[in-house]
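Colleague: need a structure here:
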Amino acid sequence: MKRPVLIDMEEAATVTPATAPMLTDDAPTGAAMQTVAALATRRASPLAKWFWSLLVTIIGFVVSLSAWNFVNGLIAQNPVLGLVFAALLVLFCCVLLAIAVRELQAFSRLHRIDRVQVDAATAHAGGDLVLARDVVAQLTRLYAGRADTESGRKALAEREAEVMDADGLLDLAERSLLVPLDARAVLQVQAAARQVAVVTAVVPLALADVATALASNLRMIRQIAEIYGGRSGTLGSLRLVRTVVGHLVATGAVAVGDDLIQSVAGGGILSKVSRRFGEGVVNGALTARVGIAAIEVCRPLPFNALPRPSVTGTVQRALTGLFGGGGGRAD
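Modeller: A predicted model of the protein is given here:
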């Protein structure tokens with residue numbers, strides 16, 4: 001049996017367990033949501049705006065002139081068919097006008113929400129009871145006729161005269177009117193986060209996660225706006241998206257931050273099994289963060305009497321059980 005051999009090193013080792021570099025995990029980063037944020041906040045150059053504006057104008061002019069010449073020629077050849085086609089064009093123009101009116105109404109509703117937010121912030125800051133009562137009147141008109149706020153409006157009307165300070169009155173309005181709306185909005189955020197997480201985790205197609213994240217976030221923001229009374233059209237939805245995501249990017253919030261530590265930790269653990277599962281958790285968490293920001297943008301009153309929904313708690317409730325793990329305590 002051979003004895004152990006001891007080999008003397010001429011020089012001491014330069015690397016020891018204490019000085020060895022740390023092993024870094026290839027942690028998920030939520031690439032799909034990062035891409036969505038970049039797309040939503042990308043600013044077009046003035047030259048590009050002029051290009052597209054002139055191109056749309058030229059195409060509209062050519063199409064209008066071609067339609068006019070076609071109708072005149074068709075009337076000259078066959079008056080009946082020419083009049084039928086002219087009637088179709090008139091009907092099409094009426095539809096376009098109706099769409100334009102709907103978009104203007106959507107912007108008007110969003111402006112009403114913005115005005116209530118500004119007035120409420122001013123009343124809170126200055127303790128202005130008169131302005132607070134005006135805010136309550138605006139909220140009552142905004143939610144008049146809605147079944148989900150009927151009991152809250154009645155309770156607010158019964159107790160409004162008893163409150164003699166601005167903060168108390170606005171807190172009463174918040175608790176009376178916004179509790180059911182907040183619950184519905186949070187459910188929309190959870191549904192969007194769940195959808196983005198699942199598609200990211202299980203669909204292997206390239207850019208499928210980006211397309212799903214973009215569509216889910218657009219739909220989520222629009223539905224949240226509708227819940228709070230700011231029903232938006234297509235252009236209004238784009239304005240909301242730019243407002244929400246632009247604010248998040250400006251504050252560095254579309255990234256892995258402190259309030260996502262628990263979610264990202266779960267994503268890191270899952271990434272040991274499947275990187276796509278880890279990416280799914282992080283993308284879902286970032287979607288929840290966008291949704292909570294949308295709630296703050298669309299909500300007519302700031303979170304004062306009621307607690308602001310937490311990203312971690314929302315993600316835990318949305319993703320519990322999806323990847324074979326249970327969420328922790330929901331905040």
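Colleague: Let's test this: name the helix or strand in the protein with the lowest mean pLDDT.
Modeller: helix 261-273 (a mean of 46; mean pLDDT, DSSP states H and E).
Colleague: C-terminal to that helix, what's the next element?
Modeller: helix 275-298 (DSSP states H and E).
Colleague: Go through the helix or strand where Leu55 lies and flag the buried ones.
Modeller: In this structure, Leu55 sits in helix 46-77 according to DSSP H and E. Residues of helix 46-77 classed as buried by neighbour count (16 or more other CB atoms under 10 Å): Val71, Leu74. For every residue, glycine as well, the C-beta is placed using N, CA and C.
Colleague: Check which helices and strands that helix sits against.
Modeller: The contact analysis (3 or more CB pairs under 8 Å, 6 or more residues apart in numbering; DSSP states H and E) places helix 46-77 against helix 79-126.
Colleague: Could you tell me the angle between the helix it packs on and helix 46-77?
Modeller: 150 degrees (axes from the mean of the first three to the mean of the last three CA atoms, to 10 degrees).
Colleague: for stretch 97-105, which positions count as buried?
Modeller: For stretch 97-105, it's none, nothing buried (16+ other CB under 10 Å).
Colleague: mind checking how far it is from the chain centre?
Modeller: Between the centre of stretch 97-105 and the centre of its chain there are 23 Å (CA atoms, centre = their mean, to the nearest Å).
Colleague: export that stretch as CSV, just CAs?
Modeller: The C-alpha coordinates for stretch 97-105 follow below in CSV (Å, rounded to 0.1, in the frame of the first residue of the first chain):
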residue,chain,number,x,y,z
LEU,A,97,-66.8,61.5,-36.9
ALA,A,98,-68.4,59.3,-34.2
ILE,A,99,-65.0,57.8,-33.4
ALA,A,100,-63.5,61.3,-33.2
VAL,A,101,-66.3,62.4,-30.8
ARG,A,102,-65.8,59.3,-28.6
GLU,A,103,-62.0,60.1,-28.4
LEU,A,104,-62.8,63.7,-27.4
GLN,A,105,-65.2,62.4,-24.7
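Colleague: picking up where we left off before, any idea how far the helix holding Leu55 is from the middle of the chain?
Modeller: The answer for helix 46-77 is 36 Å, by CA atoms, centre = their mean.
Colleague: same question, stretch 137-146
Modeller: For stretch 137-146, the distance to the chain centre is 24 Å (CA atoms, centre = their mean).
Colleague: And for stretch 139-147?
Modeller: Centroid displacement of stretch 139-147 relative to its chain, using CA atoms, centre = their mean, is 24 Å.
Colleague: pLDDT of stretch 291-307, averaged?
Modeller: For stretch 291-307, mean pLDDT rounds to 88.
Colleague: Equivalent analysis for stretch 92-110, please.
Modeller: So the average pLDDT for stretch 92-110 ends up being 86.
Colleague: And the contacts of stretch 221-233?
Modeller: Contact with stretch 221-233 is made by 99, 102-103, 105-107, 109-110, 112-113, 142-143, 181, 184-185, 188-189, 236-237, 239-241, 244, 290-291, 294-295, 298-300, as judged by CB atoms under 8 Å, 6 or more residues apart in numbering.
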